[in-house]
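Peer 1: For reference, the sequence and a predicted model appear below.
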Amino acid sequence: MKRDWEQLHRSLEDMRMRLEPGYGMPEAEKDKVLRSRARLLGRTPGAESVGERIPVMEFSLARERYAAEIQYVREVHPMRSFCRLPCTPPFIVGIINIRGQILSVVDIKRLFGLPEKGITNLDKVLVTQSGTNIFGILVDAVAGMREVAIRDLHPPLSTLSGLQKEYIRGITRERLIVLHMENMLSDKRLVIHEEV
Amino acid sequence: MKDFSISKKLFIGGLAAVVIPILVIGIFSSYRATTTIKDLAQENLKSLSASLAEAVEIGMFDQVATAKKVSFSTAVIAAAEKVARDGVAVGKEVAVAHREIEKMREADDRLSSILLVGKDGIVFAGRYKGLDLHERDYISKALGGTVTFGSVVMSKVSGQPNVVVSVPVRAPDGKEVTGAVVIGFEIKYLTDIIDKIKIGRAGYAYLVDEHSVFITHPIKENILKVSIAETKGAESLASLISSRHNGTAAEYVWDGVRKVAAAAPIPSTGWSVVTTIPSEELFAPGVVTRNTIMVTGILFMVLSSLFFYFFSQTLVRPLGSMVEAAGKIAMGNLNVDIREDERRDEIGELARYFVLMVRSLREKADIAERFVSNDLTGRVMPSSAEDTLGNALATMVEKRRRQLKKTVEDVNIVASSCSEIMTSIAQLTSSASETSVAVSQTTTTVEEVKQTTEVNSRKAKQVSDLGRKAVDISRVGSKAVRDAISGMERIHEQVESIADMVVRLSEQNQAIGEIITTVSDLAEQLNLLAVNASIEAAKAGEHGRGFTVVAQEMRSLAEQSKQSTSQVRSILFEVQKAISSAVMATEQGSRAVEVGVNLSSQAGEIIDSLSVSVDESTSAAIQIAASSQQQLIGMDQVFKAMENIREASIQIALSTKQTEAAVRDLNEMGQKNKERVDLYKIQAATFS
């Protein structure tokens, strides 16, 4: 095979140039990107909203989208170095240490009977709190903050029963399931007090 | 005896074996039986007469005792003494004695009289008083002092035989005989006993007195009248009686009847008791025994003679036919017909063997006849190893057959050889002419070869010149190959350095991958941080709204950086793949160069060896040129030799014709021999 060594040398030189520091997109292009972003951010919020809106933290559980009211969410923490606890119901994943505070972590997927996929490093813990009641919820991924109009919330399906009915506040048009955090946090059933 | 036939011998011998023992046993046993029976009978007679005599004797003694009792009575003794002293038969004593004895006589009716006799022999008491008896022998004997019996007399009163017995009467002192007592009595009570005795059918017993006169007899007329001693024919009995012995007499004749008798003496009276029986009756059991034995013997003789006759006949008859056949065979005539016997004994076996013998002889004769008529197909089977004739015949036929076979084979061989020789000669003739043609062809060929050889010689010279040039070229080639090898080695070094560089590139790539992972982690953390910040902002309410935007922006940045790291990661993966293929390509290049070096060095060696072989072929070509020259000379010689061969082949053709004629004669002779031999038949099919 006859190789064009001259062309090869040229392309190599080009690549070397690109890898050098300081090499970036042209100034005009940079400016354009920044402007569009400013426009997006400068929009007046609630211009098209109707009625009261509540901020929620959206997350995903087994490909379904869930949300928790932000007033009950303290923080998000990576699901790392957790410890399993013996003699606990299956929905208690274990305990986790967050800046010196020991929290129990609940798996809603087990409570709601959703498919399991196992715990990975990518999983997050949503730390929820209502008064003195505090525990973490294991979630697959955190989507971020958003607002939900209370008017848009539809009550859960009447076919649901038990825990699901109690723990779900409503479902939006985009099929975002908003959890009833007040119920969950005050539910004595989730408090495990057992001596072995 | 020698001239007798076997049947007669068997018959006589068998008969003798049966008859002689029968005769001997019969005669001996009948003799023994008759004598024993006779002896027994005679012994019977003897003992009978003896016991009768004893009975009579006892009867007599009875009377003697009576007489003695009388003689010892006191009255009798006194009377006898008185009579003897006075000599007169009167007085008281005599009367007393007379009364006493009369009383006694009347008491016993057997007594006929009791008399007292004085010394003078006159009866002085009793019935016959006054009777003078002194002449009587028994009186004188009694007076002498002995008891004596008188003779038997027939009583005039009773008509019965009477006997008297006299006993002496002695004086009271017991010494002097003063008289005698005489008692007369009838002996009927004794004779009755004897008359009652019956021996067998016709035997009887009787008494005789001392003069052999009958005292008793079945025939009354004979009593006291007939004496045996005076009867003719009975002398033997008479002498026995007179001998006063208890024994038996020889046969005698009485009244025309043969009789046997036994006698026993009565000592006191001198009488004898005789028992007699007809000899016929005595010997009857012996005769019966003898007759039985004789009849049985004769019966057996007849039966055995019949048996031996038939036995000898069955034994000898088959032998007769065999004797006749043997006579014929001895005269050489084998046309004999013997029936095979079903018998299982020795004669049957003899007959079977005889038949076998005749059959075997016939077979042998048949083979001999066929042998005479040149037919040797028959096979002789000797009956056994000892069959001399059979073995000799078999050997003879076998030898003759073998000779003939051999001859036939020889003749056949000669015939076939002749024809083979003829064929070969014909072939020889044709091949001789072929040879002459071939010889002329060869001569032409030799000429051509000669020319070819010249061409060869020229070509060889050219080859040697070319060889020299080839050696020079190969030297140049060898040098070029060495240059090529050194070039290849340089390429090899270059490729090695390329490989090193590529490996280094791969390592650096790895380091970039690690950095990218760290960046990705950082982006993730930033993301979380942004989320938490937004939470805090939300909780701050209206005051935190601006911070919410910042937090949002942070999040999107974190997201972008994460995407970038994943892009970088995929590019790095591609780069890594390219590096791996570059390493592989380099490795292959390195291997290819090594192979090239090897091939080049091999090529150099090959070129070297090529130059050596070209050298060798050059020198060979020179040698070929030289030998071609020699070949040329050789071909000349071959040409001359071929000329000689041609002449010789012409001569061979001539002599072959002569040989052919000779062999034809030989062949004819062989055919004749074969015809002669074919006359013999050796096997079922002839040998021709």
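Peer 2: Received the coordinates, thanks. Residues are numbered from 1 along each chain as shown, chains lettered A, B, ... in the order given.
Peer 1: B:Ala249 and B:Ser236 touch, don't they?
Peer 2: Yes: using CB atoms under 8 Å, B:Ala249 is in contact with B:Ser236, at 4.8 Å. Every residue, glycine included, has its C-beta placed from N, CA and C.
Peer 1: So for the two, which residue has more residues nearby?
Peer 2: B:Ala249 (23 against 16; other CB atoms under 10 Å in any protein chain shown).
Peer 1: Phi, psi for the residue lying closest to B:Ala250 once chain neighbours are set aside please.
Peer 2: Once flanking residues are discounted, B:Ala250 sits nearest to B:Ser236: 4.4 Å by CB to CB, 6 or more residues apart in numbering or on different chains. Per-residue torsions, B:Ser236: phi -60, psi -40 (degrees, to the nearest 10).
Peer 1: ditto for A:Gln129
Peer 2: Residue torsions, per degrees, to the nearest 10, at A:Gln129 are phi -150, psi 140.
Peer 1: Give me the nearest residue to it, chain neighbours excluded.
Peer 2: In space, A:Gln129 comes closest to A:Arg74 once its chain neighbours are excluded; the distance is 4.8 Å by CB to CB, 6+ apart.
Peer 1: Adjacent strands (with direction) for the helix or strand containing the one you found?
Peer 2: Using DSSP states H and E, A:Arg74 sits in strand A:73-78. Partner strands and pairing direction for strand A:73-78 (DSSP bridges) are strand A:124-130 (antiparallel).
Peer 1: Adjacent strands (with direction) for the following helix or strand past the partner strand?
Peer 2: Using DSSP H and E, the helix or strand that follows strand A:124-130 towards the C-terminus is strand A:133-139. Note on strand A:133-139: by DSSP bridges, its sheet partners are strand A:101-106 (parallel), strand A:124-130 (antiparallel).
Peer 1: got the contact list for the shortest one?
Peer 2: Counting by CB atoms under 8 Å, 6 or more residues apart in numbering or on different chains, strand A:101-106 makes contact with A:79, A:82, A:85, A:91-96, A:125, A:127, A:134-138, A:190, A:192, all of which sit outside it.
Peer 1: cool, and the last one?
Peer 2: Contacts made with strand A:124-130 from outside it, assessed by CB under 8 Å, 6+ apart, are listed as A:57, A:59, A:68, A:72-79, A:82, A:96, A:98, A:103, A:105, A:134-142, A:181-182, A:184-186, B:528.
Peer 1: tell me the mean pLDDT for the strand holding A:Arg74?
Peer 2: The average pLDDT within strand A:73-78 is 89.
Peer 1: Distance from the helix or strand just after it to the middle of the chain?
Peer 2: The helix or strand immediately downstream of strand A:73-78 is strand A:82-83, counting by DSSP H and E. Distance of strand A:82-83 from its chain centroid, counting by CA atoms, centre = their mean, to the nearest Å, is 20 Å.
Peer 1: For chain A, what is the nearest residue in the stretch 151-300 of chain B?
Peer 2: Proximity of the stretch 151-300 of chain B to chain A (CB to the nearest CB) peaks at B:Phe300, 138.6 Å away.
Peer 1: Spatially nearest residue to A:Val93, not counting backbone neighbours?
Peer 2: Excluding the flanking residues, the one nearest A:Val93 by CB to CB, 6+ apart is A:Val105, at 4.4 Å.
Peer 1: sorry, back to before: from the contacts of strand A:101-106, keep the buried residues only.
Peer 2: Neighbour counting by 16 or more other CB atoms under 10 Å in any protein chain shown classes A:79, A:82, A:91-96, A:125, A:127, A:135-138, A:190 among the contacts of strand A:101-106 as buried.
Peer 1: Now B:Asp195: which helix or strand?
Peer 2: Using DSSP H and E, B:Asp195 sits in helix B:188-196.
Peer 1: Convert the C-alpha atoms of that helix to PDB, please.
Peer 2: Extracted in PDB, the C-alpha atoms of helix B:188-196 (Å, rounded to 0.1, in the frame of the first residue of the first chain):
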ATOM      1  CA  LYS B 188     -52.400-175.900  72.800                       C
ATOM      2  CA  TYR B 189     -51.900-172.600  74.500                       C
ATOM      3  CA  LEU B 190     -48.400-172.500  73.000                       C
ATOM      4  CA  THR B 191     -49.300-173.800  69.600                       C
ATOM      5  CA  ASP B 192     -52.100-171.300  69.300                       C
ATOM      6  CA  ILE B 193     -49.600-168.500  69.700                       C
ATOM      7  CA  ILE B 194     -47.500-169.900  66.900                       C
ATOM      8  CA  ASP B 195     -50.400-170.700  64.700                       C
ATOM      9  CA  LYS B 196     -51.600-167.100  64.900                       C
END
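Peer 1: List the contacts of that helix.
Peer 2: Residues contacting helix B:188-196 (CB under 8 Å, 6+ apart): B:52, B:55-56, B:59, B:110, B:160-161, B:204-207, B:215-216, B:218, B:273.
Peer 1: Nearest residue to the middle of chain A?
Peer 2: Centroid-nearest residue in chain A, with CA atoms, centre = their mean: A:Val142, separated by 1.4 Å.
Peer 1: just to confirm, which helix or strand has that residue in it?
Peer 2: Per DSSP H and E, A:Val142 falls inside strand A:141-149.
Peer 1: what element comes up after that strand heading to the C-terminus?
Peer 2: That would be, after strand A:141-149 and using DSSP H and E, helix A:162-167.
Peer 1: remind me, longest helix of chain B?
Peer 2: Ranked by residue count, the top helix of chain B under DSSP state H comes out as helix B:388-540.
Peer 1: So which elements touch that helix?
Peer 2: strand A:53-61, strand A:73-78, strand A:141-149, helix B:346-372, helix B:545-677 (3 or more CB pairs under 8 Å, 6 or more residues apart in numbering or on different chains; DSSP states H and E).
Peer 1: could you check the angle strand A:73-78 makes with that helix?
Peer 2: Going by axes from the mean of the first three to the mean of the last three CA atoms, to 10 degrees, helix B:388-540 is angled at 150 degrees with respect to strand A:73-78.
Peer 1: Centre of the chain to helix B:388-540, how far?
Peer 2: Mean-position distance between helix B:388-540 and its chain equals 82 Å (CA atoms, centre = their mean).
Peer 1: which residues are in contact with stretch B:533-542?
Peer 2: With contact meaning CB under 8 Å, 6+ apart, stretch B:533-542 is reached by A:55, A:57, A:70-71, A:73-76, A:144-145, B:544-545, B:547-548, B:550-552, B:554-555.
Peer 1: Domain map for chain B?
Peer 2: B:18-286, B:439-639 (automatic domain parsing).
Peer 1: Pipe those into a markdown table and attach distance to A:Lys32 per row.
Peer 2: Compiled in a markdown table, the domains of chain B are given as follows (distance: least, CB to CB, whole Å):
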| stretch | distance to A:Lys32 |
| --- | --- |
| domain B:18-286 | 175 |
| domain B:439-639 | 16 |
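Peer 1: Out of those, which is closest to A:Thr172?
Peer 2: Among the domains of chain B, domain B:439-639 comes nearest to A:Thr172, with 17.9 Å by CB to CB.
Peer 1: tilt between whichever strand or helix holds B:Ile27 and helix B:188-196?
Peer 2: If you go by DSSP H and E, B:Ile27 is part of helix B:6-72. Orientation check (the same axes, to 10 degrees): helix B:6-72 against helix B:188-196 gives 170 degrees.
Peer 1: Check the offset of helix B:6-72 from the chain's centre.
Peer 2: 61 Å.
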